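Engineer: here you go, sequence then predicted model.
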Amino acid sequence: MNSAKITARWAFNVSEWNPSDKQYNQTLLCVQPEESERIKRFKFFNDSKLALAGRLLTRYLFCKVYECDWREIRLGRTKENKPILLKPKALIGGNKYVNFNISHHGNWVVLVAGENCQIGVDVAEIEKFSNKTIQQMFEIFKDQFSEHELSVMTTPQEESQQLHMFYRHWCLKESYVKAVGVGLATNLKSIEFHLSDEERENFFTVDNSKIINTKTTVYINNKPQRQWKFEEMYLDELHLVGIAYCGLNNCEDCSNIEIDGFNKIELEELLKYSKEL
Ligand SMILES: CC(C)(COP(=O)(O)OP(=O)(O)OC[C@H]1O[C@@H](n2cnc3c(N)ncnc32)[C@H](O)[C@@H]1OP(=O)(O)O)[C@@H](O)C(=O)NCCC(=O)NCCS
């Protein structure tokens, strides 16, 4: 049995990237044409930057960790739209199967990668939906959360803590769905998260900003799936991130994976290996 490992937990803050038009267009040439075309279609520049940074971070992963040349990397998508590696083939078979996942929201793009495991990530900016109260947010998403989850999320007295609870469950659910790669065609209510009692109160404060919650269990159709592991942490006061992973085909062992925080990647580093395609 190959043991699973995590090779990247990286985050890039797009608010610190303010390229000129010329620099931006040059950077667009460093991703596959079908992706640059997609990225150009976004209405808001911030959304384009997030999507572009996601592609750059993925290519940076294969150059930095797996010593590929920028131009030999070929990325594709599954029919559910999940980005996957197509080339080099040596990294998607044999003893080493590299998986990765991207998420972006607010100012942050995050990437996680692992070997011999399924892995998914979700970052969320903790904000109320415009013109909605927290009660209305729970009402809108009541079909996505179970009775148990709704009761846990609404337990804190303070509204701000309910909001954090909402996003904790959101990130957990999305990270799991993204690790499995099924996209939206899933009954989200049947994927139920149980936070451990001791980690329930870990909301963001400066003192506990480095805490990583790891004791959550997922239940699928009421059955615990203990082979699935979760990490949840704050990137900053307003951004929460969840990671889900499980050995490939449920058989590789994830129990020795070292828990760690996210490494923040600077722009110069992100572009270090980039080349025009
Ligand atoms: C598409 C989806 C996989 C993630 O969407 P999201 O949370 O809006 O966006 P994120 O930033 O976390 O993820 C987007 C990235 O995930 C990756 N992705 C896309 N489809 C994916 C899939 N089927 N599986 C895994 N990853 C996927 C892509 O890299 C994508 O970015 P890119 O297109 O720029 O490359 C999907 O789960 C979704 O649309 N969810 C909607 C939100 C919702 O209703 N959530 C309820 C939670 S309770």
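Structural biologist: Yep, it's here.
Engineer: ok, then the element right after the lowest-mean-pLDDT helix or strand in the chain?
Structural biologist: Using mean pLDDT, DSSP states H and E, the weakest-scoring helix or strand in the chain turns out to be strand 92-93, at a mean of 86. Sequence-wise, the next helix or strand downstream of strand 92-93 (DSSP states H and E) is strand 96-105.
Engineer: quick one: mean pLDDT for that next one?
Structural biologist: Averaging pLDDT along strand 96-105 yields 95.
Engineer: over to stretch 134-151?
Structural biologist: For stretch 134-151, the per-residue pLDDT averages 94.
Engineer: buried set for it?
Structural biologist: 134, 137-138, 141, 144-146, 149-150 (16 or more other C-beta atoms under 10 Å). (Each C-beta comes from the backbone N, C-alpha and C, glycine too.)
Engineer: over to stretch 98-112 now: how far is its first residue from its last?
Structural biologist: End-to-end span of stretch 98-112 (C-alpha to C-alpha, to the nearest Å): 11 Å.
Engineer: near the ligand, which residues of the protein?
Structural biologist: Within the chain, the positions near the ligand by C-beta under 6 Å from any ligand atom are 51, 54, 80-83, 101-105, 120, 122, 141, 144, 170, 173-174, 177-178, 181, 183-184, 188.
Engineer: next one: the helix or strand where residue 114 lies to chain centre, how far?
Structural biologist: Element membership for residue 114 (DSSP H and E) is strand 108-115. Averaging C-alpha positions (C-alpha atoms, centre = their mean, to the nearest Å) puts strand 108-115 6 Å from its chain's average.
Engineer: neighbouring strands - and their directions - for that strand?
Structural biologist: Taking DSSP bridges as the criterion, strand 108-115 forms sheet pairs with strand 5-13 (antiparallel), strand 96-105 (antiparallel).
Engineer: to residue 269, which of those lies closest?
Structural biologist: strand 5-13 (9.1 Å; C-beta to C-beta).
Engineer: just the CA coordinates of the closest one, formatted as PDB?
Structural biologist: What follows is strand 5-13 as a C-alpha-only set of coordinates in PDB (Å, rounded to 0.1, in the frame of the first residue of the first chain):
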ATOM      1  CA  LYS A   5       1.000  12.600   1.600                       C
ATOM      2  CA  ILE A   6       0.100  16.200   1.200                       C
ATOM      3  CA  THR A   7       2.700  18.200  -0.800                       C
ATOM      4  CA  ALA A   8       1.200  21.700  -0.900                       C
ATOM      5  CA  ARG A   9      -1.100  23.900   1.100                       C
ATOM      6  CA  TRP A  10      -0.500  27.200  -0.600                       C
ATOM      7  CA  ALA A  11      -2.300  30.600  -0.700                       C
ATOM      8  CA  PHE A  12      -1.900  33.700  -2.900                       C
ATOM      9  CA  ASN A  13      -3.400  37.000  -2.100                       C
END
